[in-house]
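**Student:** Pasting the sequence and the predicted coordinates here, then a few questions.
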Amino acid sequence: MPKNLAKPMTMIDSLDALIEKYHLLKHPFYQAWTEGTLSRESLQLYAKQYYQHVRAFPENLKQLADRSKSPLTELVEENLAEELDPSATHPQLWRQFAESLGVTEETLDEARPLPGIAALLDTYDEVVSQGTMPEAVAAFYVYEAQVPEISTQKISGLRRFYDISEPRALAYFGVHEEADVRHRAAWRQWLTNQRDTDTFGVLCAAERSLKALWGALDAVYPESRAAKN
């Protein structure tokens, strides 16, 4: 037998390949952010619209916690406790970021999601509430696996190009630089431990989630759609 046959891809390998394919740092919106070519108006629109996802994320975790069993329940509840830290919930930290861009509290509260943002909210709600446990965890994994590196790039861009350097304005991204390193490791380990899983279903849920995340950025950055045409 040939000695150097490639090992078959595991489910985690396949998930990581999907993340690489749809990594959000490849999206024109984040590329413009890191290059300093985004207008302040684009950042304001992003802050208003993406807040819908930030606000819904703890609710998505609650949905999963209600359906899960230990040890997954412990993993989810730990993540949720960080999202809702009484000293500063993650939605509150996002509001501080939005404020630094000149977005008022009233504007945030009154914003209605654009279609691409609404699709992201619907996707996570459906996968988390109706998908299998591995499908739901995969949706969280493919998102949080990207967040630490994205947060680092966001902080750098805000400091270099947009004169935003106050700790309270950057706190949301600073928290996620560290916390999601742990979260992605925990999701990854749980998925690795699963046996007799419907890999096809998991990969479909993951790809759907990744496409929804990409589509949310398309919604706030029409230039990316124009470039495709």
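**Tutor:** Perfect, thanks for sending it.
**Student:** and the residue positioned nearest the centre of the chain, what does it touch?
**Tutor:** Centroid check for the chain by Cα atoms, centre = their mean gives residue 143 as the closest residue, at 4.0 Å. Counting by Cβ atoms under 8 Å, 6 or more residues apart in numbering, residue 143 touches 209, 213. Any C-beta I mention is one placed from the backbone N, CA and C, and that applies to glycine too.
**Student:** Does it lie in a helix or a strand, and which?
**Tutor:** helix 133-144 (DSSP states H and E).
**Student:** Next, report how far that helix is displaced from the centre of its chain.
**Tutor:** The chain centre lies 10 Å from the centre of helix 133-144; the measure is Cα atoms, centre = their mean, to the nearest Å.
**Student:** How about stretch 168-180?
**Tutor:** In terms of Cα atoms, centre = their mean, the centre of stretch 168-180 is found 13 Å from the chain centre.
**Student:** Which stretches in the protein count as helices?
**Tutor:** Assignment of helices within the chain using DSSP state H yields the ranges 11-21, 28-35, 40-67, 72-83, 90-100, 105-110, 115-130, 133-144, 147-161, 167-192, 199-220, 222-228.
**Student:** Relative to residue 155, how far out is residue 175?
**Tutor:** 11 Å (Cβ to Cβ, to the nearest Å).
**Student:** And residue 44, by the same measure?
**Tutor:** For residue 44 relative to residue 155 (Cβ to Cβ), the value is 18 Å.
**Student:** In terms of packing, which of these two has more residues around it?
**Tutor:** residue 155 (19 against 16; other Cβ atoms under 10 Å).
**Student:** In contact with the more buried one, which residues are there?
**Tutor:** 170, 173-174, 177.
**Student:** ok, now with 7 Å
**Tutor:** By Cβ atoms under 7 Å, 6 or more residues apart in numbering, the residues touching residue 155 are 170, 173-174.
**Student:** again, but for residue 140
**Tutor:** Contact analysis of residue 140 by Cβ under 7 Å, 6+ apart lists residue 187.
**Student:** what bits of this structure have low per-residue confidence?
**Tutor:** 1-6, 224-229 (pLDDT under 70).
**Student:** Let's see that with 80 instead.
**Tutor:** Applying pLDDT under 80 to the chain flags the ranges 1-7, 223-229.
**Student:** Quick check on residue 10: phi, psi?
**Tutor:** phi -80, psi 170 (degrees, to the nearest 10).
**Student:** and it, how many neighbours does it have?
**Tutor:** Neighbour tally, residue 10, other Cβ under 10 Å: 12.
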